[in-house]
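J.: Sequence below, structure please.
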Amino acid sequence: MLVAQGDGPGALAAYRMGVAIREVLAARDQANAEWQRDLSVSHIKIGEVLVAQCERAAAVAAFRKSFAISEALAERDPANTQWQRDLSVSHDRIGDALVALGDGPGALAAYRKGLVIADDLATRDPANTQWQYDLGICNERVGNVLVAQGDGFGALAAYRKKSAIIAALAARDPANTQWQRDLSVSHIKIGEVLVAQGDVPEAQAAYRKSLAIAEALAARDPANTQWQRDLAVSHGKIGDALVAQGDGPGALAAYRTSLAIAEALAARDPANTQWQRDLAVSHGKIGDALVAQGDGPGALAAFRIGLAIGEALAARDPANTEWAARPLGQPHQDRRSDGGPGRRAGGAGRLSQEPRDRRGAGRARSRQCTVAARLDCLQCQARRGNWRQVLRKARAADRRGDAAAQHPGAARSLDGRRP
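T.: This next block holds a predicted model:
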């Protein structure tokens, strides 16, 4: 209740009181597996609150306490599948906290341990949809870390395994909207890696698969704001791929479709800072597209709107750097959910770094920034959140007139990377 109300300190105090009670019970009867498991769950809950409060090292310590209990229970009865699953969940929680601490190798090791257990359970009972889903999410977590480490090929393999699992689940139960959405997210992730590897046609195909699912979900429930945002993300990704394919007008159309959805969401709840930021990013992408097409005044207008939104957000919370760092294009995902340690509801795979196939990305950067030599890389400034710098540069570009038209390579320079 306190967590739902946003009272982290109060929730932490309550959970710690619960741990103290459960420790006494568990110590009184160490053979009571249920009490041991309850204690493990309590440590997970404490860790989750600590993560939310950015006390990541303390969160890792709490998750490790949970892991130690889960490991002991699993060793006591290897045939108990619930305890095996609890152990896998504990590995994942440790991995999540290590990601937040910036320890990629440690997180990858933890995720792979969880994956081994999840794979064993899924193999043991292929008809168990929860275990199959767990296996898909474990593969995604591994893929996320590999993306951050620059291993695009390894990440692509992991994402494709996850996609195949979720596709099978979604085919089994087309009415399960969670599985449908997860499949859409998988296509997005696959597309991102393919773009980084230079395989834009395949990336475009993946993005369009994601869009088809997002459109179906949004049509099923137009009031579902998450599905509406997913739809905006898919259109934006298609725009990015069209940029990379040299189709500026097509990209601009896709970006404007994404903007229309973002505007509707932002108008619905002006206090939602994420939707406001999405709106700013959409205007920035349209500005980039117009710069590449030689429309300086149109680009300036788009950048000015984005700047105004960015300034309002910065004034609302000057200490928040996430708005300048997090792109529109990362649909939130859901973790495994169960009755065991760390009931998993809420964003899994939040590691949102862009795929980093370095040679491909380097070539893309040099292609995409042709116009930057004349316009001082408006896109790069926007991407760093330097909205005032963007506006100053855009004004200079506007004064120079149709600068982009003076450069033959400008039409190919539309930047498809995420802001």
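J.: ok, residue 199 to residue 250 distance?
T.: Remark: distance between residue 199 and residue 250 (C-beta to C-beta, to the nearest Å) = 18 Å. Where C-beta positions appear, they are placed from N, C-alpha and C, glycine not excepted.
J.: So residue 287 is in contact with residue 302, correct?
T.: Yes. Between residue 287 and residue 302 there is a contact under C-beta atoms under 8 Å: 3.6 Å.
J.: More neighbours: these two, which one.
T.: Just comparing residue 287 and residue 302: by other C-beta atoms under 10 Å the higher neighbour count belongs to residue 287, 27 against 24.
J.: you'd agree that one is in a helix?
T.: Yes. Judged by DSSP: H, G, I helix; E, B strand; the rest coil, residue 287 forms part of a helix.
J.: Residue 256 versus that one, what's the distance?
T.: When distance is defined by C-beta to C-beta, residue 287 is 12 Å away from residue 256.
J.: Next: residue 206.
T.: Counting by C-beta to C-beta, the separation of residue 206 from residue 256 is 22 Å.
J.: Compare these two and say which is more crowded by neighbours.
T.: residue 206 (25 against 15).
J.: pretty sure the more buried one belongs to a strand, no?
T.: No. Under the criterion used here (three-state DSSP), residue 206 is helix, not part of a strand.
J.: Could you give the separation of stretch 245-261 from the chain centroid?
T.: Computed by C-alpha atoms, centre = their mean, to the nearest Å, the chain-centroid distance of stretch 245-261 equals 22 Å.
J.: same thing with stretch 76-84?
T.: Mean-position distance between stretch 76-84 and its chain equals 32 Å (C-alpha atoms, centre = their mean).
J.: sec struct for residue 9, please.
T.: helix.
J.: For it, which non-adjacent residue is spatially closest?
T.: Once flanking residues are discounted, residue 9 sits nearest to residue 53: 7.9 Å by C-beta to C-beta, 6 or more residues apart in numbering.
J.: Repeat that for residue 161.
T.: residue 139 (4.5 Å).
J.: wait, what's in contact with that neighbour?
T.: 115, 158-159, 161-162, 165 (C-beta atoms under 8 Å, 6 or more residues apart in numbering).
J.: And for residue 78?
T.: Residues counted as contacts of residue 78 (C-beta under 8 Å, 6+ apart) are residue 84.
J.: That one: helix or strand, and which one exactly?
T.: Using DSSP states H and E, residue 78 is not contained in any helix or strand.
J.: Phi, psi for it please.
T.: In this entry, residue 78 is assigned phi and psi values of phi -60, psi -20 (degrees, to the nearest 10).
J.: quick one: it from residue 113, how far?
T.: 15 Å.
J.: Likewise for residue 45?
T.: Taken as C-beta to C-beta, the span from residue 45 to residue 113 is 22 Å.
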